[in-house]
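# What follows is a protein structure lacking sequence information:
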């Protein structure tokens, strides 16, 4: 097991290690260094500072299997109450592309209780094999139990790539799996490709506040694991003629985490159109000036049967709840029409909406970055333009 210790015979109590520890995990007691193991992250800064060789880190060496034995692109088939999350269908479409480049198969992992009937739906969306684990212990999503079940499947079948949606469920689950199997993990990816020369997964995600798009690889360990943002990829089409293999697996209920008990799942009450699933989104930004002006955006959205979105600036100003935020630190959306009102279009916002089929921007600044990605640009005062659009929509009696 990995750990760190002080060699007391060599420690002279000089205190140099205290100054270099970035998490303040070291203190002196009786002129000897003492490390708080709850704080220490094994960064090794203290070792470099110690000129007496009094600090030693022991790291557990994990022997990795021959990575050439790993085959297949797997997708975690997230579901709740028997309804498969739409992000799964996006991942299956991408998995088929990746599998084609690697000349391998697409697998889906489906966990739950009385869930086997949903396997055919996954096959029709692109899975060649569906691994079904049907158990009372997996009726409700408890990350500890799900991670043990999937870690066992990975150890048995050795997939080359494992993908999941960057949802609340996916994020809590896949990080645990990665720790269990000693694999790398790239979170919140917006792009996935295969390096055809090296035959490895290239995972793209925003970094440094969205100012760059980082490409990350995991060349030495398998599976290569990633969570992927919802709505950045197109869903796989339904093909009812597709055939596939359904593999029933078991879960040893002795592995069930008895410390955790499912009590209830309380769904968020959404009184408006769901932002993630909306075909049309009207978003407001800093250009609205003040929170009360979001009433105009809401009226505009109502006339279009649209969802209301916002930039981070609007959320930070307290004008609208975080659940409406579109962007790197908010929702990633892919509507048919995205209307940006008073949004300048910084990269952090563009990351969340640039996949929209049609982008319409309204802004009085002709140099606003949003116009570089917009299909239709309206340069002018939104307080004059939007009321006119609302008036025209009401005359046509659309959704108003």
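Sure, I can see it. These numbers come from a predicted model, not from an experiment.
# Please enumerate the helices of the stretch 251-400 of the chain.
294-304, 312-316, 347-353, 382-396 (DSSP state H, counting those that start in this stretch).
# In CSV: these, plus mean neighbour count and mean pLDDT.
C-beta here means a position set from N, CA and C on the backbone, and glycine is covered the same way. Shown next, in CSV, are the helices of the stretch 251-400 of the chain (neighbours: other C-beta atoms under 10 Å; pLDDT from 0 to 100):
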stretch, mean neighbour count, mean pLDDT
helix 294-304, 19, 91
helix 312-316, 19, 91
helix 347-353, 23, 86
helix 382-396, 14, 89
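# Name the nearest residue to the residue sitting nearest the centre point of the chain, sequence neighbours excluded.
With distances taken as C-alpha atoms, centre = their mean, the residue of the chain nearest its centroid is residue 166 (2.2 Å). Counting by C-beta to C-beta, 6 or more residues apart in numbering, residue 166 lies nearest to residue 227, which is 4.0 Å off, once chain neighbours are set aside.
# Equivalent analysis for residue 332, please.
residue 229 (4.3 Å).
# Same question for residue 309.
residue 283 (3.5 Å).
# repeat for residue 52
Nearest one to residue 52, counting by C-beta to C-beta, 6+ apart, is residue 10 at 5.0 Å.
# what's the distance between the one you found and residue 16?
As judged by C-beta to C-beta, to the nearest Å, residue 10 and residue 16 stand 13 Å apart.
# Who has more neighbours out of the two?
residue 16 (16 against 12; other C-beta atoms under 10 Å).
# which residue ranges form the helices in the stretch 1-150 of the chain?
16-20, 45-49, 86-102, 119-124, 143-157.
# can you list the residues that contact the fourth one?
What that stands for is helix 119-124. 77, 84, 88, 92, 108, 110, 130, 132, 238-240, 242-244, 246 (C-beta atoms under 8 Å, 6 or more residues apart in numbering).
# Off-centre distance for that helix?
23 Å (C-alpha atoms, centre = their mean, to the nearest Å).
# average pLDDT across it?
Across helix 119-124, pLDDT averages out at 93.
# quick one: the strands in the stretch 201-350 of the chain?
212-216, 224-228, 245-249, 280-284, 307-310, 337-341 (DSSP state E, counting those that start in this stretch).
# Could you list the domains of the protein?
3-58, 67-255, 275-396 (automatic domain parsing).
# Look up how far residue 389 lies from the residue nearest to residue 52.
Taking C-beta to C-beta, one finds residue 10 at 75 Å from residue 389.
# now do residue 350
Taking C-beta to C-beta, one finds residue 350 at 23 Å from residue 389.
# re the thing from before, turn the domains of the chain into TSV, including distance to residue 265.
Listed next are the domains of the chain as TSV, based on distance: least, C-beta to C-beta, whole Å:
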stretch	distance to residue 265
domain 3-58	32
domain 67-255	7
domain 275-396	17
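# what about the nearest residue to residue 144 once chain neighbours are set aside, neighbour count?
The shortest distance from residue 144 to any non-neighbouring residue, by C-beta to C-beta, 6+ apart, is to residue 257 (4.0 Å). Neighbour count for residue 257, taken as other C-beta under 10 Å: 13.
# so where's the stretch 101-250 of the chain shaky on pLDDT?
Along the stretch 101-250 of the chain, the model assigns pLDDT under 70 to residues 208-211.
# How far off centre is stretch 246-261?
Using C-alpha atoms, centre = their mean, the offset of stretch 246-261 from its chain centre is 25 Å.
# Quick one: end-to-end length of it, please.
30 Å (C-alpha to C-alpha, to the nearest Å).
# How about residues contacting that stretch?
By C-beta under 8 Å, 6+ apart, stretch 246-261 touches 116, 119-120, 123, 129-138, 142, 144-145, 148-149, 152-153.
# Please name the residues that touch residue 242.
So residue 242 contacts 123-124, 126 (C-beta under 8 Å, 6+ apart).
# how much space is there between it and residue 213?
33 Å.
# Identify the residues contacting residue 27.
Counted by C-beta under 8 Å, 6+ apart, residue 27 has contacts 18, 33-34, 36.
# Let's verify residue 198: helix, strand, or coil?
coil (DSSP: H, G, I helix; E, B strand; the rest coil).
# and it, what does it touch?
Residue 198 touches residue 219, counting by C-beta under 8 Å, 6+ apart.
# State the distance from it to residue 218.
Residue 198 is 11 Å from residue 218, by C-beta to C-beta.
# With residue 51 instead?
For residue 51 relative to residue 218 (C-beta to C-beta), the value is 36 Å.
# For these two, work out which one has more neighbours and name it.
Legend: neighbour count by other C-beta under 10 Å for residue 51 and residue 218, higher for residue 218 (20 against 9).
# hang on, the more buried one packs against residue 195?
No. Between residue 218 and residue 195 there is no contact under C-beta atoms under 8 Å: 11.6 Å.
# which residues do the two both contact?
Joint contacts of residue 218 and residue 195 (C-beta under 8 Å, 6+ apart) are residue 201.
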